[in-house]
Structure formats: C-alpha cells, structure tokens
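In: here is the input, now give the coordinates:
(4 chains)
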There are 2 protein chains.
Amino acid sequence: MPATHTQSRFSSKLSSQCQNCSLSALCLPIALADEDINRLDQIIERKRPLKKGEVLFHQGQPFSSVFAVRTGTLKTFNITSSGEEQITGFYCPSELVGLSGIDDNTYPISAKALETTTVCEIPFSHLENLSAQIPSLKHQMFKVMSRKIGDDQQMMVLLGKKNADEKVASFLLNLSNRFKKRGYSATSFRLSMSRGEVGNYLGLAVETVSRVITRFQKNELIQVDGKEISIIDLPEMQKLVGVAPDCGKIAQF
Amino acid sequence: MPATHTQSRFSSKLSSQCQNCSLSALCLPIALADEDINRLDQIIERKRPLKKGEVLFHQGQPFSSVFAVRTGTLKTFNITSSGEEQITGFYCPSELVGLSGIDDNTYPISAKALETTTVCEIPFSHLENLSAQIPSLKHQMFKVMSRKIGDDQQMMVLLGKKNADEKVASFLLNLSNRFKKRGYSATSFRLSMSRGEVGNYLGLAVETVSRVITRFQKNELIQVDGKEISIIDLPEMQKLVGVAPDCGKIAQF
DNA sequence: TTAAAACCTTGATCCAAGTCATACGAACAG
DNA sequence: CTGTTCGTATGACTTGGATCAAGGTTTTAA
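Out: Now for the predicted structure:
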C-alpha cells in the first residue's frame, strides 16, 4: 500500500517510523503535530534487537532512558533478598518500560527479553526537555504514568483478593485486551512467557497454572495448543473475572 | 520557635505554610526558590477538615485535582463488581492522593478519611501549567509518580509472594519508615486503620491479622495496646521481611 | 540428528490461611 | 447513661493451592 502523499516537509522517513511504531501509545493519542513527532523522533535511538534472554537493563543500574517496546516482549522482575525472581510485569509492543527508574535515578527492576525483541531507547533527559517544549507531550507522559499507577493497583486487587481461576482468567483477558488494542486478534494469540513465568507473576505455583489452564480447556472456555491460546467463551471468561458487561476496565487490571 | 527571619518579599505567610506542610515531599526535596514555592502555594486550596468516614472523592467522579494530606490519614479503595471494598493504599501526611485519575480524567478509586484529616487541594490543570514554567517542579512530579510506580510494584511482590507474617511485618515496617521520614518516632505509633482494613489491604482475613499481631507480641517483636504499636525488636522484624541490613528499600514496599 | 535441558502435565499429600462460631471490650448514637 | 454496633481476640474446622513426585513433551544447542 502506498504511503500517504500529504507529508509536511518535516515528516521525514524518521517521522513515519514513529507513527507506525511502538510509541503510538505515548504520542499518537494526543495527535502531535507532524513537526513535534519529528522532534520526538530525533531523540529516539533505535537499538539492535535483543535476543531471547538478553537483559535490557539491570536492577540497580543507573537510570538513563525509558524504552518503548517495538516488537517482541519483555518481562521486568526483581531479585528478592532470598534470591528468587519476582516478575513485576510483561511488556508488549507500544508499552513503555523503565518509568520506575526516574525516582532515584536507578532502575529498581531488571528487564529481560522473552523472545527476540526490539526497543526504542528514549533518553529521559531529552524527553524531559522536549516535554517542556511540547505541553501535550508532557501531559501524555503524566497520563502514561498515571495509567500505570491505576493498572498496578488493579493488579494488587488481583493478587490480594482473587483465587487461582480468577487470576489466570484475568491474565488471559488482559493480554487479549492489549492485543486487541493494537489491532491483533483478541481471541487468538501466543503466550511468549512460560507457565512458570505466568505463575510467578500471578503469585501461583506452576502446577496450579497448568491445572487451571487444563480445566479451562475442559470446560470449553479456551482452546490451548502449547503456547497458542484461543479464547472460545469470552462472555463466560469475563463473568469469571467479574467484569460488568458495560464496564471493560474494572477488575481486569 | 521563631520563624526564619530571612524571608524574601514573595515568601508570605502562604509560603511558610507550604514549607511546613504536607507538600514538602513534592517541593522541598528539590529546593524550589522561595518565589517558586510562593507560586505553587497560590494555586493550592486548603480545605475544611474531613471528619472520619467522609469521602474526599468518589470512584468514577471526574478528575480535577490531586490532594496532599496535611494531617490525618486517608485510605483509597475501589468497589469490586461483587460489591466488596478493596483498599489500595493508605496516605499519611505529605503524601499525594489522586494521581491515578490523570489518565482518563476520572478517579478510578475513592478516598475516605480514617480520622479527622486535612488536605490541600491542588487543581491539576494549574499544577500542570506551573510545571511547564518550573522545570524542577515538573521533574519532581515525574519523580513522585515514578516512586509510586516502584512502591506499588514492591506491594505486588508482597501480595504475591509473602506469607501472613511477612505481610504484617512489612506493613508495620513500612509505616515505621514513613513516620520516621517525617520526623516522628519510627518505633512507636498509632494505627489509624482497623485490623480489618489492614487485612483487606494485605490480602488477609481479619482473624489472621489479629493472630499474627498477637504472636508478634508473644515473641516480643512488638508491644501492642489496641491501636498503639511499639516495635521492640526492629532487627528481628527486618530479618522477617527479608531486608538486607545495608539496603533499606528492597522488599519493604 | 540427537542428547540434554527446560518446560509442561497430572496425581497424591500436606499445610497456611480462610471460614465459622463465640465472646468480650470500646466507641458511639440516642 | 445505656443499648447497639463495631472492632478485636481466640478456638475449631475446612480448604485452596503449595509441595512433592514422576513421566511426557518441546526447545535448544552441539
């Protein structure tokens, strides 16, 4: 399909990269002017792909940048004093990682690729400067961080109050929504994380995750083939996590 | 004690209010110029005190302001689809409430006073404008939100991985740290929330909270008289939550 | 291609914490 | 002041999910 013909002289090749890419969550919703997108684009460093298992940044390392996932998936985790890994989040394309490092100029978590993953590095000092010049960008930054706070609080509800079935169902529906939002199928997708990682994230043992998934399949809520998941009975799944039909956000982290 | 004598002509009575008050967490760490503090001060509305049980804002209500607690305590919570209350946080003096409302201009949680509580209302649009003029204020905003994200993630670790003893100990030490930070005793304080609210927050039944507290007292880790708590054996408590001696932040939400 | 390693599933058993029941003290509205 | 409600404590019982164990499958790397 041919590219749009009405490009301003500022919206170069770089600009169109930004428009297609992962950063859409950060910039597109506020409809930045072409010129502004271009300015944002110029501070971004596109990095070589990370291979599965490679680390983007380490817990404790000095904070310098936030990263937008372009393709692939990341997990963030920290190592507890007893040496176990605790996964704090999974990041899909268009999502921003590293925001929690701003506070004391140190990443409090590590980020590792679950599969081959490309990211855009956004040096934070540049982003901060630019956000002083582009008010809508600053507002968008606040929104992104605010949303993260709200989402994390929903996650707390999930961890504190829900049982294993509700946790796994919430997790699957959450992924489903995230895929849907960026144009992929909401009902059929591939888990890039292992059962063990899902369990770690949800506060469940591997065996429990496995059993719940098997049971969901027996009850014809989902169809499973290894890491491929199809959601068969979406309404029933939603009932399971306690989503009111008219209220997509609540109780779904 | 007499007030400082070297006030600029801009740092009026209002300014000195800000310096003593709850907002210190937001503005003092970055050492705003007197003039800037004054400007911040002028957008803040000081409200009549909330009585115990009064609601500051309701879940679903349009977002307009963030609030800094000056005295007293707030809890934030949301009502799940099944009608139960899920507490997502407690807010002590100097802490900011309502940041999660920025995202979609709606408060996703309610905030209610646990005791007589005074807050400063900071209209967000004004704050955002001002932050465009005072770069260090904008940076401070990012820091506050970033810290919240990091803290919430520690809370997830707590909810997902810790047992009842570790949860309650973490909770008490976290309060202890917050009191200490603003100059109160780190080892002797009053819980403004009920056992039920603690349990709700930590994902535990009331009875469990009660039993753990009783046990801690028997083991001479703490001394309890109703809502008054004294931490007797701080090192042992820290060992319980897995704090490395040289590392105050980790695993303590 | 194949061996090793990592991952997944299922069954059997166990225990931490939830639930139920009861009682007593504190707060509070009338 | 006083009855009612709310908060706290503690014991008895139950249970969801962890743990242990073992076998099958997929992925990885040589």
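In: for the stretch 51-200 of chain A, what spans make up the helices?
Out: Using DSSP state H, counting those that start in this stretch, the helices of the stretch 51-200 of chain A run over residues A:124-133, A:135-161, A:164-181, A:195-202.
In: now the first one: how far from the chain's centre is it?
Out: By that I understand helix A:124-133. Between the centre of helix A:124-133 and the centre of its chain there are 22 Å (C-alpha atoms, centre = their mean, to the nearest Å).
In: list the contacts of that helix.
Out: Helix A:124-133 is contacted from outside by A:39-40, A:43, A:63-66, A:102, A:137-138, A:141, B:132, B:135, B:138-139, B:142, using C-beta atoms under 8 Å, 6 or more residues apart in numbering or on different chains. (Glycine included, C-beta is placed from N, CA and C.)
In: DNA strand C contacts on chain A?
Out: Within chain A, the positions lying close to DNA strand C (C-beta under 7 Å from any atom of the strand) are A:194-196, A:206-207, A:209-211, A:213-214, A:224, A:226-227.
In: circling back: what subset of the contacts of helix A:124-133 is buried?
Out: Neighbour counting with 16 or more other C-beta atoms under 10 Å in any protein chain shown marks A:39-40, A:43, A:63, A:65-66, A:102, A:137-138, A:141, B:132, B:138-139, B:142 as buried within these.
In: where in the stretch 151-253 of chain A is pLDDT low?
Out: When the per-residue scores of the stretch 151-253 of chain A are filtered using pLDDT under 70, the ranges that remain are A:243-253.
In: follow-up on the earlier one: to residue A:95, which of the helices of the stretch 51-200 of chain A lies closest?
Out: helix A:164-181 (7.9 Å; C-beta to C-beta).
In: okay, buried residues for that closest one please.
Out: Across helix A:164-181, burial judged by 16+ other C-beta under 10 Å covers A:164-176, A:178-179.
In: can you tell me what sits against that helix?
Out: Counting contacts by C-beta under 8 Å, 6+ apart, the residues outside helix A:164-181 that touch it are A:92, A:95, A:158-159, A:162, A:185-187, A:189, A:191, A:198, A:201-204, A:208-209, A:212-213, A:215-216, A:221-222, A:229, A:231, A:234, A:237-238, A:240-243, A:248, A:251-253.
In: and the buried ones among those residues, selectable in PyMOL?
Out: To isolate the buried ones among those in PyMOL, judged by 16+ other C-beta under 10 Å, type:
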select buried, chain A and resi 92+95+158+159+162+186+189+191+198+201+202+203+204+208+209+212+213+216+221+222+229+231+237+238+240+241+242+243+251+252+253
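In: what bridges to the residue nearest the centre of chain A?
Out: In chain A, the C-alpha closest to the average C-alpha coordinate belongs to residue A:91, at a distance of 3.0 Å (C-alpha atoms, centre = their mean). For residue A:91, the beta-bridge partners are residue A:74 (DSSP bridges).
In: that one against residue A:71, yeah?
Out: No. No contact is recorded between residue A:91 and residue A:71 when judged using C-beta atoms under 8 Å, the distance being 11.5 Å.
In: the closest residue to DNA strand D within the stretch 51-200 of chain A and residue A:64, how far apart?
Out: With C-beta to the nearest atom of the strand as the measure, residue A:163 is the residue of the stretch 51-200 of chain A nearest to DNA strand D, at 2.9 Å. When C-beta to C-beta, to the nearest Å is the yardstick, residue A:163 and residue A:64 sit 41 Å from each other.
In: one step back: name the nearest of the buried ones among the contacts of helix A:124-133 relative to residue B:152.
Out: Proximity of the buried ones among the contacts of helix A:124-133 to residue B:152, judged by C-beta to C-beta, is greatest for residue A:102, which lies at 14.1 Å.
In: next, the contact list for the residue lying closest to that closest one once chain neighbours are set aside, please.
Out: Closest residue to residue A:102 in three dimensions, ignoring its sequence neighbours and counting by C-beta to C-beta, 6 or more residues apart in numbering or on different chains: residue B:146, at 3.5 Å. Contacts for residue B:146 (C-beta under 8 Å, 6+ apart) come out as A:99-103, A:145.
In: can you tell me which residues contact the residue of the stretch 51-200 of chain A closest to DNA strand D?
Out: Shown in contact with residue A:163 (C-beta under 8 Å, 6+ apart): no residues.
In: now residue A:135
Out: B:128, B:132.
In: got a pLDDT number for it?
Out: pLDDT, residue A:135: 87.
In: same question, residue A:45
Out: Reading off the per-residue confidence, residue A:45 sits at a pLDDT of 79.
In: so what's it bridging to?
Out: As assigned using DSSP bridges, the partners bridged with residue A:45 are residue A:121.
In: what's the local residue count around it?
Out: Around residue A:45 sit 12 other residues, with neighbours defined as other C-beta atoms under 10 Å in any protein chain shown.
In: could you do the one 10 residues further on as well?
Out: Other residues near residue A:55 number 13, with proximity taken as other C-beta under 10 Å.
In: could you do the one 5 residues further on as well?
Out: By other C-beta under 10 Å, the residues close to residue A:60 number 13.
In: quick revisit: could I get the residues of chain A next to DNA strand C as CSV with secondary structure and distance to residue A:54?
Out: Supplementary listing: the residues of chain A next to DNA strand C in CSV, determined by DSSP: H, G, I helix; E, B strand; the rest coil; distance: C-beta to C-beta, whole Å:
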residue, secondary structure, distance to residue A:54
A:194, coil, 17
A:195, helix, 22
A:196, helix, 19
A:206, helix, 24
A:207, helix, 29
A:209, helix, 25
A:210, helix, 27
A:211, helix, 32
A:213, helix, 28
A:214, helix, 32
A:224, strand, 28
A:226, coil, 23
A:227, coil, 20
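In: show me which of those is closest to DNA strand D.
Out: Lowest distance from DNA strand D to the residues of chain A next to DNA strand C (C-beta to the nearest atom of the strand) belongs to residue A:207, with 4.0 Å.
In: against residue A:80, how distant is that closest one?
Out: With distances taken as C-beta to C-beta, residue A:207 is found 21 Å from residue A:80.
In: which of the two has more residues huddled nearby?
Out: Between residue A:207 and residue A:80, counted using other C-beta under 10 Å, the more crowded position is residue A:80 (15 against 11).
In: just checking, the more buried one touches residue B:157?
Out: Yes. With contacts defined as C-beta under 8 Å, residue A:80 counts as touching residue B:157 at a distance of 6.8 Å.
In: show me what from the stretch 101-250 of chain A comes close to DNA strand D.
Out: With C-beta under 7 Å from any atom of the strand as the criterion, the stretch 101-250 of chain A meets DNA strand D at residues A:163-165, A:203-205, A:207-208, A:226-227.
In: now these in TSV, with distance to residue B:86?
Out: Output for those, formatted as TSV (distance: C-beta to C-beta, whole Å):
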residue	distance to residue B:86
A:163	14
A:164	18
A:165	18
A:203	16
A:204	19
A:205	24
A:207	27
A:208	22
A:226	34
A:227	31
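In: and residue A:56, what is it in contact with?
Out: By C-beta under 8 Å, 6+ apart, residue A:56 lies in contact with A:50, A:67, A:74, A:97, A:111-113, A:119.
In: among the residues you listed, which are in strands?
Out: Judged by DSSP state E, the subset of the contacts of residue A:56 located in strands is A:67, A:74, A:97, A:111-113, A:119.
In: closest one of those residues to residue B:152?
Out: Within the ones in strands among the contacts of residue A:56, distances to residue B:152 taken as C-beta to C-beta reach their minimum at residue A:97, with 15.2 Å.
In: fine by me, thanks again.
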